[in-house]
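> just the structure for this:
(one chain, ligands or ions: 1)
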Amino acid sequence: MDNVMEEIMKIVGSKEILGLCLVLISMFVLSVQPVFSAGLTPAMKTAVDWVDGSRAVYDEIARYIWENPELSLVEFKSSAKLQDYLTRNGFRIEKGVAGMSTAFVATWGSGKPVIGIMGEFDALPSLSQESGNTSQKPIIPGAPGHGCGHNLFGTSSATAAIAAAKAMEKHGIKGTVKFFGTPAEETLVGKIFMNRDGVFDGTDIMIAWHPGEFNGVSYLTIWPSTTSNFVSTESRRMRGRLPRRDEAPSTRCSS
Ligand SMILES: [Zn+2]
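Numbering: from 1, shown residues only. Modelled structure (predicted):
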């Protein structure tokens, strides 16, 4: 873990930003773990407090996306919901990037470092399911559903991006936060097209997460497979070697 932090520190070059990144990573598991408040800087505490105080808002968004499951590349309601959330919190939206109507980039701030956070929101076919029910119970038999937790993925990532921006604004921390609304993860094309068109270029660090059966942090497997052959020279250095944008993507599935 220490080596991970050293590598991230070299790239980001700011202890304050690094701290915020760590808080963001922690936020991704807030729903299942208490927040560790000891040792947080004032900026980190601002971010955590914002998340704690906004629960009703992001709960509603996650539920909305769950109740409106949309398949890859037609996630119109889900994408619009997240765009609205980010816009209401001061982010500038670029819609329809990389030729996909539901792909977008939401940006706050300016200059370096540029912190990227990915959020997915597409559903899977035939997994319609009542929320809160551990037995199979479709709302509409045969309809799509969020079997992969992407209703949480997009919502939590957008929440983390906003919380970081709130903290940076309040504490005068320079830099840019970019939320990448990445559609069509389940069909493995969304981030591939975004990467092909250079949407991720200029990002200093990219943070992503995914619902799973354990909590952990890694910097070696950032959604590489299905997603992108990212991004910056620094990222390539971190992974040892990453494919270039013009090379064929890996086909290993991590979704
Ligand atoms: Zn997934």
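
> so who does the residue of the chain found nearest the ion touch?
Going by C-beta to the ion, the ion is nearest to C148 of the chain, at 3.3 Å. C-beta coordinates here come from the backbone N, C-alpha and C atoms, glycine included. Residues in contact with C148 (C-beta atoms under 8 Å, 6 or more residues apart in numbering) are 123-124, 185-186, 210-211, 255.

> and the furthest pair within the residues you listed?
A123 and H210 (14.6 Å; C-beta to C-beta).

> quick one, which of the two is more surrounded?
Neighbour count, other C-beta atoms under 10 Å: between A123 and H210, A123 has more, with 25 against 16.

> once you drop chain neighbours, what's closest to that one?
Nearest residue to A123, sequence neighbours excluded (C-beta to C-beta, 6 or more residues apart in numbering): P69, at 3.5 Å.

> what's the answer for A161, then?
Nearest one to A161, counting by C-beta to C-beta, 6+ apart, is F179 at 4.1 Å.

> what's the helix or strand for the one you found?
F179 belongs to strand 175-181 when elements are defined using DSSP states H and E.

> any idea of the mean pLDDT in that strand?
Strand 175-181 shows a mean pLDDT of 97.

> related to what we said a few turns ago, filter the contacts of C148 to the buried ones?
For the contacts of C148, a burial check counting by 16 or more other C-beta atoms under 10 Å picks out 123-124, 185-186, 210, 255.

> and the longest helix for this protein?
Of all segments of type helix in the chain, defined using DSSP state H, the longest is helix 150-171.

> tell me the mean pLDDT over that helix?
Mean pLDDT, helix 150-171: 96.

> near the ion, which residues of the stretch 1-150 of the chain? Just list them.
Residues of the stretch 1-150 of the chain that fall close to the ion, judged by C-beta under 5 Å from the ion: C148.

> low-confidence regions, the stretch 1-150 of the chain specifically.
Across the stretch 1-150 of the chain, the ranges flagged by pLDDT under 70 are 1-38.

> related to what we said a few turns ago, what's the helix or strand for the residue nearest to A123?
For P69, there is no enclosing helix or strand under DSSP H and E.

> from G39, how far off is the nearest residue to L40 once chain neighbours are set aside?
Excluding the flanking residues, the one nearest L40 by C-beta to C-beta, 6+ apart is V48, at 6.6 Å. Going from V48 to G39 by C-beta to C-beta, to the nearest Å gives 12 Å.

> more neighbours: which of these two?
Legend: neighbour count by other C-beta under 10 Å for V48 and G39, higher for V48 (20 against 7).

> same for whatever helix or strand the more buried one lives in, what does it pack against?
For V48, the host element (DSSP H and E) is helix 42-53. Packing contacts for helix 42-53, counted by 3 or more C-beta pairs under 8 Å, 6 or more residues apart in numbering; DSSP states H and E, involve helix 15-27, helix 150-171.

> that one: how far from the chain's middle?
18 Å (C-alpha atoms, centre = their mean, to the nearest Å).

> thinking S157 is in contact with W209, fair?
Yes: S157 lies in contact with W209 (C-beta atoms under 8 Å); the separation is 7.1 Å.

> and A62, that's in a helix?
Yes: the assignment for A62 is a helix, going by DSSP: H, G, I helix; E, B strand; the rest coil.

> what is the burial count for it?
Residue neighbour count, defined by other C-beta under 10 Å, stands at 23 for A62.

> and for G111?
8.

> grab the nearest non-local neighbour of it.
Distance criterion C-beta to C-beta, 6+ apart; nearest residue to G111, sequence neighbours excluded, is K174 at 5.6 Å.

> and the most far-flung residue of the chain relative to its centre, what is it in contact with?
Centroid-distance maximum for the chain: P141 at 29.7 Å, with C-alpha atoms, centre = their mean. Taking C-beta under 8 Å, 6+ apart, we find P141 in contact with S128.
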